[in-house]
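A.B. asks: I need the structure of the sequence given here:
(2 chains)
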Amino acid sequence: MNEIVKVSGLRVAARTDEGVDLPIVHGVDFSLKQGEVLALIGESGSGKTTIALSLMGYARSGCRIVGGSVRIGDVDVLQLSDAELANLRGCRVAYIAQSAAAAFNPSKRIMDQVIESAMIHGTASRQQAQAKAVELFRALALPDPENIGARYPHQVSGGQLQRLMAAMALITDPALVILDEPTTALDVTTQIEVLRAFKQVVRERGTTAVYVSHDLAVVAQMADRIVVLRDGQIQENSPTEQLLAAPAHPYTRRLLAAMKPAAASRASARVEPVEQEKPLLEVRDLEVCYGKQVKVLHGIDLQVRRGTTVGVIGESGSGKTTLARAVAGMVAPSAGRILLDGQPLSGTLAGRTREQFRRVQYVFQNADTALNPKHSIEDILARPLRFYHGMKGKRQRERVAELLDLVQLPASIAQRRPGELSGGQKQRINLARALAAEPDLILCDEVTSALDTVVGAAILKLMADLRRELNVSYLFISHDINTVRAICDEVVVMYSGAKVEQGERSTFRAPPYHPYTNLLIDSVPEMHQGWLEETQAGRGVPPRIGVSANAEGICPFLARCPVRIDGKCNTTPPPRVRLDKGNEILCHHRDIELLQLEESVPVAAAG
Amino acid sequence: MKSNINQSGSQNMATSGGSGQVAENEWLDNSVPVTAPTKHRRLPNPGGFLGFILVFFWLVMAVIGPMIAPHDVNGLVSDSFFGPISSQYPLGTDYLGRDILSRLLHGAPYTIGIALLATSLACMSGVVLGLVAAASGGWIDALISRVQDAMIAIPNKIFALIMVASFGSSVPLLIVMAAIAYMPGCYRIARALAVNVMTMDYVLAARTRGEGLAYIIFIEVLPNMLRPVLTDFGLRFVYVVLLLSAMSFLGLGVQPPDADWGSLVRENIQGLGIGAPAVLAPAVAIATLTMGVNLLIDSLGGRAKR
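C.D. replies: Residues are numbered from 1 along each chain as shown, chains lettered A, B, ... in the order given. You can find the predicted model right below:
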């Protein structure tokens, strides 16, 4: 039998508070052949995870499967009893969740958890299962495959955990593996390693898989066939190649367009740098320590001119959010100065004046938690108006309506609570609250990363429009180099609390880059098949070096750098070098050497 | 509507069962378009309703009870002590031949009033201190917390006994004593809740807006912890009623000739052996009040889930 999975007429309903069922998946049909990888792609709320879970005969609490059939092999999953389902799950159908960190039990050793399903289903003896697990660890390119199982989950990295979870799923040789956004929570540089490992294992073992994701570029690397979902209905179901080259459905085309945020703000007027003009925000040699020892930021210099956008990019833990919080006064710097229009800003909230608070506004990453659920939208927007500008009564109401109009929301929304709005609407309110203060500088902390691609692109466009209209400046924190390259005038790359590269936007289009920037740029999935095989990112083995002598001040990227130099990088702190194209980097290398980086990375470890 | 919910609830459990599938689909298809967009309307849950009735009844009695009492509260109206239930004395008579119903109604303002005032005082001071501690952090938090910890280490009853022994029993003292005894518990809960709410981004947003402490704790934080605090209020009210009753039972609460419900139990404890209603009636009154408050509070908590 060639078709291993066949879903027909699947319908799932969710129960609302009033006890009424609302259909969330309406009659979905698709099938998978043996060894095929099918991707389910769509925005949040499109029903992709619901469908994936129903392949195991499971519906989240509050939801239930109301019709259709799911056949795996020759079993109709929806007709099985609970006991039969328990036998199916984890054995014939395995599930890899989005957050491996939350899926592992921190008090048990990794090996015990990986082989657990084999033990439960009795598919192998303990020795056999352990041997197989080690084999899987090796196939997934995990370091030290023999001994990694003896560790506890907190002792390995997030990307490794995600791969260990894949081993856990594959231990019983399931007929179908469901991967639910397995790389969404990872940094791009980690994502690429995990994707590569997944792909290799899937191909070697001929695994049949369903890959759930919102990221078309990632899916393009993994899937043979893509199903585009929207509001619980299939919009398009075509082979990957065809879907990317010639999307049939208008929604697919919109999705593809939104993946390239570049077009939106390219037109934004470039502000001519006037030399004598005082920068709006100046950060000088900023250092932030947690406790006495742990430096999370050091030696940060930064300038934001009026009406410009400066992007700060780096992976999680690079200190980019800490930088924004230090500017906002939430984190007290241990050294250095922050100047607003030449006036020093106090490091703590207590030392700032109301006027200074007004001029610097912070927009939080997660609009769900940034808006008080007990306040109405009007309360939320009216507070800064009254607080900073003393507005009351009719004028205040009018201004609230104006602000809502500015962020392209209907005025009727004012009486609602945040809980009644969608994620994109909440982020707009979040932005409107910052605008209510009439600030000079808005600190945007990953404002689009919690949003769907299409919604995020709309927010970015709105921000670009507002900048032109109101002449505000943004300090734009992001982990997505495409977004930063698209909307920022200047880009700062951070790694491990240090600024490793800084330059104009245009300079981030072609090498030479700092080796870390290079890795970052190469790791972003591109929207064509085979990118994963072609890209050099994360492949090279760093040259062998001796033990680093004195840890103080040496290059933070040393451990991962593919072009490190023994006797130099591990002993001497790197200088700040100015490249010919004008970028400042923190590295021992010069232009020519970095240009060669593109070609010279040893591809030995590719296999 | 109610039966509809029950029915659908039982069907929900049979999701994977094959036989119920057809019926389920029909039911779903018919009902979805008809009732889908109805507005929030919740049916009162029976426990909460009962609780509301009981609490409402006792609150009314606390106000009008002394006025509608059929007999003089301290008058020795009957010749028989521990008299049975009769039309003249609906709840019998006590060990001196006084009418228990009248004494119960006169006791209601004491028991309920003192408990209500004491609990309000305890909760308000505990919540405000908890909010201040959570919002300030650092040494202020440490200072308040350690003082409260020290107070929590003193057993309530012992503390109450010491207070009464030192200052003599009076109504204001009982209120203050009960409030102090139950404040650390309120503080602990309020601080734990506030610390969680404090980490939310909207609080941080208020801080970076430059808001003062009072705005942050009362406008941003308090509304988000009100429900658990109210639940705690209800529980603590029950404890205070029991503490006061216990104090009165020991003869250290409200002093004769006035009597709250605890004193009524104590006065008539000898009647227990002969099954006199005089001892049962005030005990039942305490029980219905505390259960009523608990039921009411539970139903409020359930509604919080929207």
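
A.B. asks: hey, let's count contacts and neighbours off CA atoms from now on
C.D. replies: Noted.

A.B. asks: Ranking helices and strands of the chain by mean pLDDT, which lands last?
C.D. replies: This is for chain A. helix A:262-265 (a mean of 45; mean pLDDT, DSSP states H and E).

A.B. asks: sorry, should have said chain B
C.D. replies: helix B:21-35 (a mean of 37).

A.B. asks: Adjacent strands (with direction) for the helix or strand that the least confident helix or strand of chain A is followed by?
C.D. replies: For helix A:262-265, the following helix or strand on the C-terminal side (DSSP states H and E) is strand A:281-290. Partners of strand A:281-290 in the sheet, by DSSP bridges, are strand A:294-304 (antiparallel), strand A:335-340 (antiparallel).

A.B. asks: What segments of chain B are helices?
C.D. replies: Counting by DSSP state H, chain B has helices at residues B:2-13, B:21-35, B:46-68, B:100-108, B:114-136, B:138-152, B:156-167, B:171-198, B:201-209, B:213-215, B:226-249, B:261-267, B:277-303.

A.B. asks: where does the stretch 1-150 of chain A come near chain B, residue by residue?
C.D. replies: For the stretch 1-150 of chain A, the contact set with chain B under Cα under 8 Å from any Cα of the partner chain comprises A:17-22, A:57, A:64-67, A:78-82.

A.B. asks: Among those residues, which lie within helices?
C.D. replies: residue A:82.

A.B. asks: PyMOL command for the buried members of the residues of the stretch 1-150 of chain A next to chain B?
C.D. replies: Entered in PyMOL, the line below selects the buried ones among the residues of the stretch 1-150 of chain A next to chain B, by 16 or more other Cα atoms under 10 Å in any protein chain shown:
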select buried, chain A and resi 18+19+20+21+22+57+64+65+66+67+78+79+80+81
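
A.B. asks: which among the residues of the stretch 1-150 of chain A next to chain B gets closest to residue A:321?
C.D. replies: residue A:17 (37.7 Å; Cα to Cα).

A.B. asks: Now that we're looking at that closest one, what pLDDT does it have?
C.D. replies: For residue A:17, the pLDDT comes out at 67.

A.B. asks: do the same with the one 10 residues further on
C.D. replies: Here the pLDDT value assigned to residue A:27 is 88.

A.B. asks: what about chain A, any weak spots by pLDDT?
C.D. replies: Within chain A, the segments meeting pLDDT under 70 span A:1, A:17-18, A:260-276, A:538-541, A:546-552, A:592, A:596-607.

A.B. asks: Could you tell me how far residue A:29 is located from chain B?
C.D. replies: According to Cα to the nearest Cα, to the nearest Å, residue A:29 and chain B sit 18 Å apart.

A.B. asks: quick one on the thing from earlier: in JSON lines, list the strands paired with strand A:281-290 along with mean neighbour count.
C.D. replies: As requested, the strands paired with strand A:281-290 are arranged in JSON lines below (neighbours: other Cα atoms under 10 Å in any protein chain shown):
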{"stretch": "strand A:294-304", "mean neighbour count": "18"}
{"stretch": "strand A:335-340", "mean neighbour count": "20"}
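
A.B. asks: right, and the ones you listed - which one's nearest residue B:108?
C.D. replies: The closest of those to residue B:108 is strand A:294-304. By Cα to Cα, the value is 62.3 Å.

A.B. asks: same for the next helix or strand after that closest one, what does it pack against?
C.D. replies: Where DSSP H and E defines the elements, the next helix or strand beyond strand A:294-304 is strand A:309-313. In terms of contacts (3 or more Cα pairs under 8 Å, 6 or more residues apart in numbering or on different chains; DSSP states H and E), strand A:309-313 is packed against strand A:473-478, helix A:481-487, strand A:490-495.

A.B. asks: which one of these lies closest to chain B?
C.D. replies: Among the helices and strands packed on strand A:309-313, the nearest to chain B by Cα to the nearest Cα is strand A:473-478 (15.8 Å).

A.B. asks: okay, the angle between that closest one and strand A:294-304?
C.D. replies: Counting by axes from the mean of the first three to the mean of the last three Cα atoms, to 10 degrees, strand A:473-478 lies at 140 degrees to strand A:294-304.

A.B. asks: ok so, going back, mean neighbour count added to the helices and strands packed on strand A:309-313, as TSV?
C.D. replies: Listed next are the helices and strands packed on strand A:309-313 as TSV, based on neighbours: other Cα under 10 Å:
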stretch	mean neighbour count
strand A:473-478	25
helix A:481-487	21
strand A:490-495	24
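
A.B. asks: Close to chain B: what parts of the stretch 301-450 of chain A are there?
C.D. replies: Residues of the stretch 301-450 of chain A lying near chain B (Cα under 8 Å from any Cα): A:328-330, A:349, A:353-354, A:357-358, A:361-362, A:364, A:369-374, A:384.

A.B. asks: Can you flag the buried ones in these?
C.D. replies: For these, a burial check counting by 16+ other Cα under 10 Å picks out A:328-330, A:349, A:357-358, A:361-362, A:364, A:369-374, A:384.

A.B. asks: list the contacts for the residue sitting nearest the centre point of chain B?
C.D. replies: Taking Cα atoms, centre = their mean, the centroid of chain B lies closest to residue B:234, which sits 2.8 Å from it. By Cα atoms under 8 Å, 6 or more residues apart in numbering or on different chains, the residues touching residue B:234 are B:293-294, B:297.

A.B. asks: Just the closest of these to residue A:48, please.
C.D. replies: Among the contacts of residue B:234, and counting by Cα to Cα, the member closest to residue A:48 is residue B:297, at 39.7 Å.

A.B. asks: how close does that closest one get to residue A:32?
C.D. replies: 53 Å (Cα to Cα, to the nearest Å).

A.B. asks: Can you give me the neighbour number for residue A:413?
C.D. replies: The number of residues packed near residue A:413 is 17, by other Cα atoms under 10 Å in any protein chain shown.

A.B. asks: Please name the residues that touch residue A:403.
C.D. replies: Per Cα under 8 Å, 6+ apart, neighbours of residue A:403: A:432, A:435-436.

A.B. asks: Tabulate the helices and strands packed on strand A:309-313 in a markdown table, adding columns for distance to residue B:208.
C.D. replies: Shown next, in a markdown table, are the helices and strands packed on strand A:309-313 (distance: least, Cα to Cα, whole Å):
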| stretch | distance to residue B:208 |
| --- | --- |
| strand A:473-478 | 16 |
| helix A:481-487 | 25 |
| strand A:490-495 | 24 |
